[in-house]
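Asker: For reference, the sequence and a predicted model appear below.
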Amino acid sequence: MKKKLAMVLAVALLATSVFAGCGSKEDSKKETKKEFTEKKSGQKFTVGFDQDFPPMGFVGDDGEYTGFDLELAAEVCKRQGWKFVAKPIAWDSKDAELESGGIDCIWNGFTMDGREDKYTWSKPYLNNEQVFVVKSDSDIKSEKDLAVKVVDVQTDSSAQAALKKNTKLSSTFGNLNVVPDYNTGLMNLESGSTDAVAMDTVVAAYQIQKRKAKFKILDYEIAAEEYGVGFAKGNEAVRDQVEKTLEEMAKDGTMAKISKKWFKKDITIIGK
């Protein structure tokens, strides 16, 4: 009798612990669900960016972070009364930074195409294409000449994603070499250890001008895309604040002024 009673009690305790465990999991899920609210004046606004991605975001000659996107973000913060914080991140850890709250957004020539459902996006503010950069005296005249050649591409970049889709082209390469950043790729191109770099045309044009390098952009578009500001999924509150301010900047000419500073012309598309 005592043995039967003990068994009954043991089963009851096991069932209780199972149900309690299930309840704690539900509670845990509820606790980890993140709520997003608007930012108030005086709060920090932290922008995640790749510091080796000029002209969008990089380290200037004075050692300070600068760039087209960072200048836009700083102006948004000024108008909102936020404290602007530029935070350089490893590009392949951008999602972890965003999910952990280490950054408020990814704002760095960030391609929307193919990522539409991964983030809460602002409206696109720039058009861009993925292209190949080669030496000016290279025998590579078109994408067909890249057969058996070495091509560099930045890890986790739009160019890498585009070439992964375009296997008809990328399968002809001698090697598709993944590098940590575009700066490394262009240095490899300069030294001759690679034959071409697949990258954003906006960045390529700026780099060629800035470096005064004997490079050229092939007349071939790997893919067309749009740049946007990426927020954590569900963060419409802060996204709306930033988007509204960008629209105001477009309307009063501030965006065009910043664009002309970096690109010699207005290439922005918000409000157009």
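Answerer: Yes, it's here. Being a predicted model, the structure only gives us computed values, none of them experimental.

Asker: give me phi/psi at the nearest residue to residue 249 once chain neighbours are set aside?
Answerer: Distances taken as C-beta to C-beta, 6 or more residues apart in numbering put residue 255 closest to residue 249, at 4.7 Å, once the chain neighbours are dropped. Just so you know, the C-beta spots here come from the backbone N, C-alpha and C atoms, and that holds for glycine as well. Dihedral pair for residue 255: phi -60, psi -40, per degrees, to the nearest 10.

Asker: Which pLDDT value goes with the spatially most central residue of the chain?
Answerer: The structure's the chain has its C-alpha centroid closest to residue 110; by C-alpha atoms, centre = their mean the separation is 3.6 Å. Here, the pLDDT recorded for residue 110 equals 93.

Asker: Now do the contacts for it.
Answerer: For residue 110, the residues meeting the contact criterion (C-beta atoms under 8 Å, 6 or more residues apart in numbering) are 227, 228, 229, 230.

Asker: Could you check how far it is from residue 200?
Answerer: Using C-beta to C-beta, to the nearest Å, one gets 11 Å for the distance from residue 110 to residue 200.

Asker: ditto for residue 82
Answerer: Taking C-beta to C-beta as the measure, residue 82 falls 28 Å from residue 200.

Asker: Then residue 70?
Answerer: Taking C-beta to C-beta as the measure, residue 70 and residue 200 are separated by 16 Å.

Asker: what's the span of stretch 219-228, first residue to last?
Answerer: For stretch 219-228, the first-to-last residue distance is 25 Å (C-alpha to C-alpha, to the nearest Å).

Asker: for the record, mean pLDDT for it?
Answerer: 94.

Asker: Sort out which residues of that stretch are buried, please.
Answerer: Neighbour counts using 16 or more other C-beta atoms under 10 Å place 222, 223, 225, 226, 227, 228 of stretch 219-228 among the buried residues.

Asker: Tell me which of those residues fall in strands.
Answerer: Filtering the buried residues of stretch 219-228 for membership in strands, criterion DSSP state E, returns 223, 225, 226, 227.

Asker: Quick check: the third one touching residue 113?
Answerer: In other words, residue 226. Yes: proximity of residue 226 to residue 113 meets the contact threshold set by C-beta atoms under 8 Å, at 6.5 Å.

Asker: what residues are up against the closest residue to residue 143 other than its chain neighbours?
Answerer: Ranked by C-beta to C-beta, 6+ apart and with sequence neighbours excluded, the top spatial neighbour of residue 143 is residue 220, at 4.4 Å. When contacts are counted by C-beta under 8 Å, 6+ apart, residue 220 is found next to 131, 132, 142, 143.

Asker: which one of the residues you listed sits closest to residue 264?
Answerer: Sorting the contacts of residue 220 by distance to residue 264 puts residue 131 at the head of the list, at 18.3 Å, by C-beta to C-beta.

Asker: part of a helix, is the closest one?
Answerer: No: remark: residue 131 does not belong to a helix; assigned using DSSP: H, G, I helix; E, B strand; the rest coil, it is strand.

Asker: what's across from it in the sheet?
Answerer: Here residue 131 sits in beta bridges with residue 199, going by DSSP bridges.

Asker: burial of it, as a residue count?
Answerer: 24 (other C-beta atoms under 10 Å).

Asker: Now for it: which residues touch it?
Answerer: Listed by C-beta under 8 Å, 6+ apart, the contact set of residue 131 reads 198, 199, 200, 201, 204, 217, 218, 220, 221, 222.

Asker: Thanks again, I'm all set now.
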